[in-house]
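[1] Sequence and predicted structure are below.
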Amino acid sequence: MRKKVIAGNWKMNLLPNEAIAYIDTLDPLVADTENEVVLFVPYTDLFYSLLQIQNTNIKIGAQNMHFAEKGAYTGEISAQMLKSINVDYVLIGHSERRQYFNETDETVNKKVKTALENEIKPVICVGETLEQREKGETEEIITTQIEKALEGIKPEQMKDVMVAYEPIWAIGTGKTATSEDANNAIKAIRNKICQIYGQNVAESIIIQYGGSVKSTNCKELFTMSDIDGGLVGGASLDPHEFAKIVNYDK
Ligand code: PGA
């Protein structure tokens, strides 16, 4: 049985004092869950958040990183920097990074490799645009994104990789994929992983759904056969609402 991983993506929101107050509110609300709870926080919140989650079951991730080990990349953050403060996870290739910051399948692949070399677990984000969906290209787009993201990743490294399927048209729009559509897309990703790495890896990899997940639709999504939890943007900014999503099975 795969566990469910429920992650909040705060995007460019919440100052350190707000992050600390948020974690203090969230902690008792999710203390009894068996689901894994992760918060992807802005860089400036990482250190404070990591101190605040001690003795809780909350994990902390970064929203991006550079693929190079170090060097003349003004304004960037390396995997080694994240590891030095014990960051567990990093989002790679979120559609907002692909759309606004020139993230490509090639840079996604480089970042996945660097994250794994530094023992940070990458969450690879893939998803189709509305236009691609309407043309019936969803499966082809997302399986190609996955294939390229995983190029050169060894089977034994796959235990530390997660995927988030996030249809771009569903992010921040209030439109959610139907649970069937989301499940089918995730099945297609799992099949592609099965082709590359075999059944054991395909059956154990965590694949989340993201895109306008909230407390009122999460149960229907997370109880589908292949959806292993969610990556939650807007609805994760309120710790009470996010706790309801984490506790969808209570
Ligand atoms: P949303 O964002 O829940 O606000 O749609 C999801 C995401 O971008 O990870």
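    Looks like it arrived, so ask away.
[2] Extract the C-alpha set from the lowest-mean-pLDDT helix or strand in the chain and format it as PDB.
    Least confident helix or strand of the chain, by mean pLDDT, DSSP states H and E, is helix 130-134 with a mean of 93. Backbone C-alpha positions of helix 130-134 (Å, rounded to 0.1, in the frame of the first residue of the first chain) are rendered in PDB as follows:
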ATOM      1  CA  LEU A 130      -6.000  23.500 -21.700                       C
ATOM      2  CA  GLU A 131      -5.200  23.700 -25.400                       C
ATOM      3  CA  GLN A 132      -3.200  20.400 -25.200                       C
ATOM      4  CA  ARG A 133      -6.100  18.800 -23.300                       C
ATOM      5  CA  GLU A 134      -8.600  19.900 -25.800                       C
END
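[3] tell me the mean pLDDT for the following helix or strand past that helix?
    Downstream of helix 130-134, the next assigned helix or strand under DSSP states H and E is helix 138-149. Across helix 138-149, pLDDT averages out at 98.
[4] which helices and strands sit right next to helix 138-149?
    Applying 3 or more Cβ pairs under 8 Å, 6 or more residues apart in numbering; DSSP states H and E, we find helix 138-149 packed against helix 105-117, strand 121-126, helix 179-197. Every C-beta, even on glycine, is put in place using the N, C-alpha and C of the backbone.
[5] quick one: average pLDDT of stretch 229-237?
    Stretch 229-237 comes out at a mean pLDDT of 98.
[6] The helices and strands packed on helix 138-149: which one's closest to the ligand?
    strand 121-126 (7.3 Å; Cβ to the nearest ligand atom).
[7] Quick check: residues of this protein near the ligand?
    9, 166, 171-172, 210-213, 231-235 (Cβ under 6 Å from any ligand atom).
[8] Of these, which is the most crowded?
    Counting neighbours by other Cβ atoms under 10 Å, Glu166 leads the residues of the chain next to the ligand with 30 neighbours.
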